[in-house]
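Novice: I would like the atomic coordinates for the input below:
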Amino acid sequence: MFLRRAVSTTLPLSRRLFSNNGSHDISKAISELNQEMESVFGEPPPSSLSGSIDNQSMARDLNLSTAEMDGKESFAGLTHIGSKGEAQMVDVSLKDISKRVAIARGKVILGRKVFDLVSANQMGKGDVLSVAKLAGICGAKQTSNLIPLCHNINLTHVRVDLALNPQDFSVEIEGEAASDGKTGVEMEALTAVTVAGLTVYDMCKAASKNIQITDIRLERKTGGKSGDWSRGK
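Specialist: As a prediction, the model looks like this:
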């Protein structure tokens, strides 16, 4: 009977302890629990390892539990991750159809020697910029085959432009993708730029292995639930 009363007396505080946010005021809560136990049993809890409450262990366990909960909450913001952390393809069936456009950019730094060859159209494989342009367009149309969780969408437009920049002996690439659908086209625009850049490298690698593909990024997008977005704004 005495033991049941003791348990019922300490239980509400235990609930308060474990419903606390994170490790905030854990030491205070444990101290209050010890005081209640002393008032019930007439003496403080044993100080030996076998009978004492390990404050550090309890705090660590609570912190781990909080971290696990935070991790589960973070999954909610990553649409390609399920509740258990597994990869999944997003169900877009309930999304509204809207006009979606995305523009991406990138750069291929050639170096002066290769830049001059490309400018004069003297590369052994042919017209570098024309081939890379076609490759970028084809790449955009193959995005869902290259990126596992991308949807296979109907593109209404793909544009890939390449321009020589004599300031840093590079090829600047801009890719644009558009669609009337339920999911965005950012990956298609980025894939177009990436594949175009890889093609420039392939066309020029015989002349130099020091070529760099760099600064591939999304510049802006429109449409969809998240609305319009532009880099730097």
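Novice: can you give me the strands in the protein?
Specialist: 98-109, 157-165, 170-181, 212-222, 229-230 (DSSP state E).
Novice: mean neighbour count added to the ones you listed, as JSON lines?
Specialist: For glycine as for every other residue, the C-beta is placed from the backbone atoms N, C-alpha and C. Listed next are the strands of the chain as JSON lines, based on neighbours: other C-beta atoms under 10 Å:
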{"stretch": "strand 98-109", "mean neighbour count": "21"}
{"stretch": "strand 157-165", "mean neighbour count": "17"}
{"stretch": "strand 170-181", "mean neighbour count": "22"}
{"stretch": "strand 212-222", "mean neighbour count": "16"}
{"stretch": "strand 229-230", "mean neighbour count": "13"}
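Novice: indicate which one of these is closest to residue 143.
Specialist: Relative to residue 143, the nearest member of those by C-beta to C-beta is strand 170-181, separated by 8.5 Å.
Novice: partner strands of the closest one and their direction?
Specialist: Note on strand 170-181: by DSSP bridges, its sheet partners are strand 98-109 (antiparallel), strand 157-165 (antiparallel).
Novice: which one of the ones you listed lies closest to residue 147?
Specialist: strand 98-109 (13.8 Å).
Novice: quick one, the closest one and strand 212-222 angle?
Specialist: 160 degrees (axes from the mean of the first three to the mean of the last three C-alpha atoms, to 10 degrees).
Novice: mind exporting the C-alpha coordinates of strand 98-109 to CSV?
Specialist: This file holds the C-alpha atoms of strand 98-109, laid out as CSV (Å, rounded to 0.1, in the frame of the first residue of the first chain):
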residue,chain,number,x,y,z
SER,A,98,0.3,25.6,-63.7
LYS,A,99,2.8,27.1,-66.1
ARG,A,100,6.2,26.3,-64.8
VAL,A,101,9.5,27.8,-66.0
ALA,A,102,13.1,27.4,-64.7
ILE,A,103,16.3,28.9,-65.8
ALA,A,104,19.8,27.6,-64.8
ARG,A,105,23.3,28.7,-65.7
GLY,A,106,26.8,27.3,-65.6
LYS,A,107,30.3,27.9,-67.0
VAL,A,108,33.1,25.8,-68.5
ILE,A,109,36.5,27.4,-68.1
